[in-house]
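Engineer: Provided below for reference: sequence and predicted model.
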Amino acid sequence: MAVEPYIQNFLKVIREFRYDNTYKLVWAKSICSLCSEGKSGQIKLIEIAEKIIPLYWNLHIHFDPEDNTLRQGSNPAKPPEILQLVIAKIAEYKHLKGSQYKPVFYERLLGTDIQSLGFNYQSLAKLLNQDVAHRFLNLSGSTLNLYHFVQGDESIVVDDTKAKLIADHTDILSEAIQLRWVKILEDFNTTTPRIAAKLSLSLDKGSKARKSLSSFKQYLDIENPNRVCSECEKQIEDKDLSIDHVIPWSFIYSDNLWNLTYAHKGCNSAKSNITPDRAKIDKLNQRNRDLCHHIEQNCPELIDKKHYKELRSTVDENLLTKMWALYRGY
């Protein structure tokens with residue numbers, strides 16, 4: 001069945017937008033929900049905010065029973081503002097319930113509990129106005145006509161025809177949103193086992209394009225300037241230099257500084273997908289701590305870079321050991 005061009009464009013935004021957090025996905029999911037309920041014409045940002053809160057609430061109150069935040073953004077030191085608010089309200093709810101606390105879907109909260117928590121939807125609508133409503137329409141330098149919005153307005157305008165198309169195709173749109181959300185969460189949460197990525201690869205019957213690791217050399221050289229092999233501990237000549245994933249790439253499906261070391265090409269090839277032992281993980285943990293220290297002391301220009309922030313977070317949260325434990329039981 002042919003898909004309407006309008007829905008094709010909506011799907012294109014969901015599948016292809018450049019992301020640094022998940023705002024656009026909860027935004028799209030909320031618009032789908034409202035249109036499915038019969039909303040059209042002017043849809044107030046505060047109405048969208050009221051839909052977004054349960055999406056973040058339901059995920060985090062069940063996923064993070066011990067306050068280990070599931071990351072929804074690329075910068076672990078600065079979660080998306082709406083998410084920060086939801087996490088804070090979850091903490092309030094736990095305190096409110098005390099020993100009687102148990103995870104509850106937002107839709108099943110008592111009216112008195114919601115009143116006690118006191119979400120400021122007007123403030124959330126302001127964030128949507130500033131950061132999401134206009135940006136969602138932008139893709140690869142073009143502005144798509146999915147709805148009408150002028151920055152500063154309190155509403156978006158979805159005409160009756162477009163609202164009906166969204167409502168009629170909500171299943172397709174929701175599935176696309178959920179798949180993209182899972183893939184993005186895999187990118188932001190590096191201890192996940194990359195199920196969606198592996199499933200996509202097997203369905204495509206292709207091979208995932210591997211990116212060059214050369215950008216990591218400036219970081220690896222800071223702590224290992226002599227380029228000593230992490231396997232045989234001998235110095236590596238340029239022609240034999242490779243960068244090794246200590247926890248195999250075939251499991252982690254990601255290139256992260258905290259998991260990369262220098263190795264001879266032959267040593268790298270020989271180890272294949274063998275599970276590293278605890279001694280190797282302990283050694284890499286120490287390397288990561290030393291590298292963080294070197295960067296903080298000698299390379300302040302790198303502190304705001306993505307690779308350092310991921311490294312720092314991994315050290316602080318012991319993520320390497322957690323990922324290794326997952327891999328051992330995979």
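Structural biologist: Received, thanks.
Engineer: could you use CA atoms for every contact and neighbour count after this?
Structural biologist: OK.
Engineer: burial of Tyr56, as a residue count?
Structural biologist: Residues near Tyr56, counting by other C-alpha atoms under 10 Å, number 20.
Engineer: element containing it?
Structural biologist: Under the criterion of DSSP states H and E, Tyr56 resides in helix 45-63.
Engineer: which parts of that helix are buried?
Structural biologist: 45-58, 60-61 (16 or more other C-alpha atoms under 10 Å).
Engineer: show me what the very next helix or strand once past it is in contact with.
Structural biologist: Following helix 45-63 in sequence order, the next helix or strand is helix 81-97 (DSSP H and E). Helix 81-97 has contacts (C-alpha atoms under 8 Å, 6 or more residues apart in numbering) with 53, 56-57, 60-61, 69, 72, 101-102, 113, 117, 124, 127.
Engineer: mind putting those into CSV with distance to Glu317?
Structural biologist: Listed next are these as CSV, based on distance: C-alpha to C-alpha, whole Å:
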residue, distance to Glu317
Ile53, 27
Tyr56, 22
Trp57, 23
His60, 18
Ile61, 20
Thr69, 11
Gln72, 16
Tyr101, 26
Lys102, 25
Asp113, 32
Leu117, 29
Leu124, 29
Leu127, 29
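Engineer: returning to what we had before: need the max-distance pair from the buried residues of helix 45-63.
Structural biologist: Leu45 and Ile61 (24.2 Å; C-alpha to C-alpha).
Engineer: give me the residue ranges of the stretch 151-300 of the chain where confidence is low.
Structural biologist: 190-210 (pLDDT under 70).
Engineer: can you give me the strands for the protein?
Structural biologist: Taking DSSP state E as the criterion, the chain carries its strands at 41-44, 138-139, 142-143, 155-158, 241-245, 260-264.
Engineer: what's the most buried one of the ones you listed?
Structural biologist: strand 260-264 (a mean of 24; mean count of other C-alpha atoms under 10 Å).
Engineer: gap between that strand and the chain center?
Structural biologist: Here strand 260-264 is found 27 Å from its chain centre; the criterion is C-alpha atoms, centre = their mean, to the nearest Å.
Engineer: what of stretch 319-330?
Structural biologist: The answer for stretch 319-330 is 19 Å, by C-alpha atoms, centre = their mean.
Engineer: and if you look at stretch 275-284?
Structural biologist: 27 Å.
Engineer: export that stretch as PDB, just CAs?
Structural biologist: Presented in PDB, the C-alpha positions along stretch 275-284 are these (Å, rounded to 0.1, in the frame of the first residue of the first chain):
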ATOM      1  CA  THR A 275      36.300 -12.500  26.100                       C
ATOM      2  CA  PRO A 276      39.000 -10.400  27.900                       C
ATOM      3  CA  ASP A 277      39.800 -11.700  31.400                       C
ATOM      4  CA  ARG A 278      39.300  -9.600  34.600                       C
ATOM      5  CA  ALA A 279      43.000  -8.700  34.700                       C
ATOM      6  CA  LYS A 280      42.800  -7.000  31.300                       C
ATOM      7  CA  ILE A 281      39.600  -5.100  32.300                       C
ATOM      8  CA  ASP A 282      41.300  -3.900  35.500                       C
ATOM      9  CA  LYS A 283      44.300  -2.800  33.500                       C
ATOM     10  CA  LEU A 284      42.000  -0.900  31.000                       C
END
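Engineer: can you pull the buried residues of it?
Structural biologist: Ile281, Leu284.
Engineer: who touches that stretch?
Structural biologist: Val246, Ile247, Pro248, Trp258, Asn259, Leu320, Thr321, Trp324, Tyr327, Arg328.
Engineer: what is the neighbour count of the last one?
Structural biologist: Using other C-alpha under 10 Å, Arg328 is surrounded by 11 other residues.
Engineer: okay, it: pLDDT?
Structural biologist: What the model reports for Arg328 is a pLDDT of 71.
Engineer: so how far is the helix ranked longest in the chain off the chain centroid?
Structural biologist: Looking across the chain with DSSP state H, the single longest helix is helix 278-298. Between the centre of helix 278-298 and the centre of its chain there are 24 Å (C-alpha atoms, centre = their mean).
Engineer: with stretch 147-160 instead?
Structural biologist: 28 Å.
Engineer: what does stretch 259-275 give?
Structural biologist: With C-alpha atoms, centre = their mean, you get 28 Å for stretch 259-275.
Engineer: so how far is the first residue of it from its last?
Structural biologist: For stretch 259-275, the first-to-last residue distance is 13 Å (C-alpha to C-alpha, to the nearest Å).
Engineer: list the contacts for Ile61?
Structural biologist: Ile61 makes contact with Ile90, Pro103, Val104, Phe105, according to C-alpha under 8 Å, 6+ apart.
Engineer: 7 Å instead?
Structural biologist: Neighbour list for Ile61: Ile90, Pro103 [criterion: C-alpha atoms under 7 Å, 6 or more residues apart in numbering].
Engineer: cool, thanks, talk later.
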